[in-house]
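Asks: give me coordinates for this.
(one chain, ligands or ions: 1)
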Amino acid sequence: MLIERMATGPFGVNTYLLVENGACAVIDPGGEGQRVAARAALLGAQVEMILITHMHFDHIGGVDELAAATKAAVYAPLGELEAGPDPAKNLSAGMGIAPVFMRTAPEGLKGGQTLYLAGQPVKVLSTPGHSPDGLSFYIDGAVFTGDALMAGSIGRTDFPGGDMQKLLSGIQKELLTLPEETKVYPGHMQESTIGREKRTNPFLQGEDLWDL
Ligand SMILES: [Zn+2]
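Replies: Below is the predicted model of the structure:
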């Protein structure tokens, strides 16, 4: 599987293009849907699905344009669907940017589900706490963690619906149990691996964490 990263939208969120046998999944198009669609076309790939880790504006600003350009199926956390068209809930209100009103109605996803990209399983993992119902996606030795787990850090929990206990618990149960060599592709900043985060992420070192 080919994995490409693009920085999109006002905050330059990490948008990932996953290409398997000519089929493409795009994770978190934060903006510039046309540019993402053009990149997929240049790679000779058909965008079949758009996967959203969580419904904060900087991860969804490009969904409408990309979905219109590609007719891709759009999937988002079941518990956050109402945030798409609601700038207060997707946090775009009052950010000094154009408010984000996502018109696309995604299909809701829950942890434990599996989607398929050209036959390759995409496992849906429940990693809430940065947002009410945040998800991560595991595919072919790589995990896309949105703003739950980042290299050397974890997501903020001071937004509405944030919960530090839930965030640490989800990371522990769903992410740190993956093979150590699993590559971590977060929503912001650089890549890592599960093994490196287990050993060095300062937020994941407390002994009590292992009892969550
Ligand atoms: Zn976020």
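Asks: quick one: low-confidence residue ranges for this structure.
Replies: 207-212 (pLDDT under 70).
Asks: repeat the analysis, applying 80 as the threshold.
Replies: The chain contains residues with pLDDT under 80 at 206-212.
Asks: around the ion, which positions in it sit nearby?
Replies: H56, D147 (Cβ under 5 Å from the ion). C-beta: built from backbone N, CA, C; applies to glycine.
Asks: for the chain, what spans make up the strands?
Replies: Assigned by DSSP state E, the chain shows strands spanning 2-8, 13-20, 23-27, 46-51, 73-77, 107-109, 114-117, 120-126, 135-139, 142-146, 149-150, 153-154, 183-186, 192-193.
Asks: dump those to JSON lines, plus mean neighbour count.
Replies: Formatted as JSON lines, the strands of the chain follow (neighbours: other Cβ atoms under 10 Å):
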{"stretch": "strand 2-8", "mean neighbour count": "16"}
{"stretch": "strand 13-20", "mean neighbour count": "23"}
{"stretch": "strand 23-27", "mean neighbour count": "26"}
{"stretch": "strand 46-51", "mean neighbour count": "22"}
{"stretch": "strand 73-77", "mean neighbour count": "22"}
{"stretch": "strand 107-109", "mean neighbour count": "16"}
{"stretch": "strand 114-117", "mean neighbour count": "16"}
{"stretch": "strand 120-126", "mean neighbour count": "18"}
{"stretch": "strand 135-139", "mean neighbour count": "25"}
{"stretch": "strand 142-146", "mean neighbour count": "25"}
{"stretch": "strand 149-150", "mean neighbour count": "26"}
{"stretch": "strand 153-154", "mean neighbour count": "20"}
{"stretch": "strand 183-186", "mean neighbour count": "22"}
{"stretch": "strand 192-193", "mean neighbour count": "20"}
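Asks: can you put these in TSV and add distance to H59?
Replies: Listed next are those as TSV, based on distance: least, Cβ to Cβ, whole Å:
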stretch	distance to H59
strand 2-8	9
strand 13-20	6
strand 23-27	9
strand 46-51	10
strand 73-77	10
strand 107-109	14
strand 114-117	18
strand 120-126	16
strand 135-139	11
strand 142-146	7
strand 149-150	13
strand 153-154	16
strand 183-186	11
strand 192-193	19
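Asks: ok, the residue nearest to P186 when sequence neighbours are not counted - contacts?
Replies: Residue nearest to P186 in three dimensions, not counting chain neighbours: M150, with 4.1 Å by Cβ to Cβ, 6 or more residues apart in numbering. M150 makes contacts with P186, G187, H188, M189, S192, as judged by Cβ atoms under 8 Å, 6 or more residues apart in numbering.
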